[in-house]
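**Q** quick one, fold the following:
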Amino acid sequence: MPAEPISPRRAPLPLEAHAADNLQFIRETMERAASFTAVPGWGGVVMGITALGAGVIALGQTTTEAWLVTWLAEAILAFAIAACAMAWKARAAGVPLMTAAGRKFALSFAPPLLVGALLTVVLYQAGLTAAIPGTWLLLYGTAVVAGGAFSIQVVPLMGLCFMVLGAAALFTPESWNNWFMVSGFGGLHVVFGIVIARRYGG
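**A** Numbering: from 1, shown residues only. Coordinates of the predicted model:
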């Protein structure tokens, strides 16, 4: 009876392959550690929903001042929601909120918002209130793009979408301004919030 052929041994992986796998794992781990991952997903959705409500309220205002106050109140509410959502997400993940990446995110995100606040005062005093929504969308988008450089990849894309809406708002009739605000601060926050929540956690 002939002996059964001995199956050849599988050749061990070269040392270079193990080293490459280890380097890739280390690189991915460092990239995650260097990214600010506490960007809120469901918090962004809530921000979008409140902005949709603010858009409805603002649409019924009869004066420019009342329209501005409505959206400024929404901005304050959205800021509070974002802060609470980021703190909750960081705590749920068991990571500190103000990591090195978190500080870089905040330092990049804040300056465009400060510029937006100053320009709001200047544009209002100059009677150029029609330019305020486009300015808000542009500078908020700039803040998101700048901060997003230290965050997950979808964040800068969201910022670019805000910037496109802002640019369009500056060159379209004033009567469209509220719809641009609703589309940006409402629609984009809801859409990207869902994407962030599903891909990167709440």
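**Q** low pLDDT regions in this protein?
**A** 1-37 (pLDDT under 70).
**Q** now for the helix of greatest length in the chain, which elements pack on it?
**A** Using DSSP state H, we find that the single longest helix of the chain is helix 64-93. The contact analysis (3 or more Cβ pairs under 8 Å, 6 or more residues apart in numbering; DSSP states H and E) places helix 64-93 against helix 42-59. In this view, the C-beta of every residue, glycine as well, is placed from N, C-alpha and C.
**Q** packing partners for the helix it packs on?
**A** Helix 42-59 packs on helix 64-93, helix 177-181, helix 189-200, going by 3+ Cβ pairs under 8 Å, 6+ apart.
**Q** which of the helices or strands spans the spatially most central residue of the chain?
**A** Note on the chain: the residue nearest the mean C-alpha position is Val155, at 4.4 Å, using Cα atoms, centre = their mean. Per DSSP states H and E: Val155 is located in helix 154-170.
**Q** residues in contact with stretch 175-184: which ones?
**A** Applying Cβ atoms under 8 Å, 6 or more residues apart in numbering, the contact partners of stretch 175-184 are 51-52, 55, 58-59, 67, 71, 130, 133-134, 136-137, 140, 161-162, 165-166, 168-169, 172.
**Q** buried set for that stretch?
**A** Under the neighbour-count criterion of 16 or more other Cβ atoms under 10 Å, stretch 175-184 has Asn177, Asn178, Trp179, Phe180, Met181, Val182, Ser183, Gly184 buried.
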